[in-house]
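In: coordinates for the following, if possible.
(one chain, ligands or ions: 1)
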Amino acid sequence: MHNEAAFTPLAFERLPPAEQLAQSRAFLARMRSRRSVRQFSTEPVPLELIENAVATAATAPSGANQQPWTFVVVAVPALKQQIRAAAEAEERESYEHRMSEEWKAALAPLGTDWHKPHLEDAPYLIVVFQQVYGLEADADGQPRKIKHYYTTESVGIAVGLLLASLHLAGLATLTHTPSPMGFLSDVLERPPNERAYVVIPVGYPAADAQVPVIARKPLRDVLIVRTGGG
Ligand code: IYR
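Out: The predicted structure follows:
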């Protein structure tokens, strides 16, 4: 019953040490220049860059290989407008009434507020949905719920790969989580097993885009190496 796994030899290319180091350093250097961008140009972006990024995201490991994600790419101005209006309504309520003073203080260095023009300016919005459970038609064509595992972690890993792909393709992104996000299921007509996870505006930065002066923690603050032998 539970021994139905099939195996095949791993395709694995062993890199020479110098090549390993070069690749690792080059990737690090590229990723260090990624910034969250909130001012976008309306300049169009080739759709294949978005498709390739989603295909890359969909290579992520996932709980029980259930791949519990759906990526909705929105380019229609009327839909972007609708999403902006709904997000701004929620965000305004959040900034003015729902967020604690502690939360607002934590966000102060980012200079964010409820205005979200980037949701309309960016040529694409990638709305990522998490499939909290699976839905399949059973033999009688009735919908059947399938339990999913580690969906939050799986989708988080996929979004990391998505952001890396878009950045390497020379595009700017923002990981935006309007709160609450329920309106995205309505606007994008998603089924009941899907819950919005994040909205990612993608495009070129506006010519005069600015980013907050903030820094990444130094490696010594985030990395603990415990080698053997003391
Ligand atoms: N969702 C709000 C607030 C916000 C929250 C966090 I945590 C951020 O890192 C940034 C913003 C907004 O998008 O403005």
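
In: close to the ligand: what parts of the chain are there?
Out: 91, 107, 110, 112, 176-179 (C-beta under 6 Å from any ligand atom). From N, CA and C alone the C-beta is placed, and that goes for glycine too.

In: now that we have the residues you listed, which of them are buried?
Out: 91, 112, 176, 178 (16 or more other C-beta atoms under 10 Å).

In: which helix or which strand is home to the nearest residue to the last one once chain neighbours are set aside?
Out: Distances taken as C-beta to C-beta, 6 or more residues apart in numbering put Ala87 closest to Pro178, at 3.9 Å, once the chain neighbours are dropped. Assignment of secondary structure by DSSP states H and E places Ala87 within helix 77-93.

In: related to what we said a few turns ago, narrow the residues of the chain next to the ligand to those in helices?
Out: Among the residues of the chain next to the ligand, DSSP state H puts 91, 107 in helices.

In: I'd guess Leu162 is in a helix, am I close?
Out: Yes. Using DSSP: H, G, I helix; E, B strand; the rest coil, the secondary structure at Leu162 is a helix.

In: surely it and Val155 touch.
Out: No. Judged on C-beta atoms under 8 Å, Leu162 makes no contact with Val155 at a distance of 10.0 Å.

In: re the thing from before, mind listing what the residue nearest to Pro178 touches?
Out: Taking C-beta atoms under 8 Å, 6 or more residues apart in numbering, we find Ala87 in contact with 116, 119, 176, 178, 183, 199.

In: I'd say the second one and Ala89 touch.
Out: No. Here Leu119 lies out of contact with Ala89, judged by C-beta under 8 Å, at a distance of 12.0 Å.
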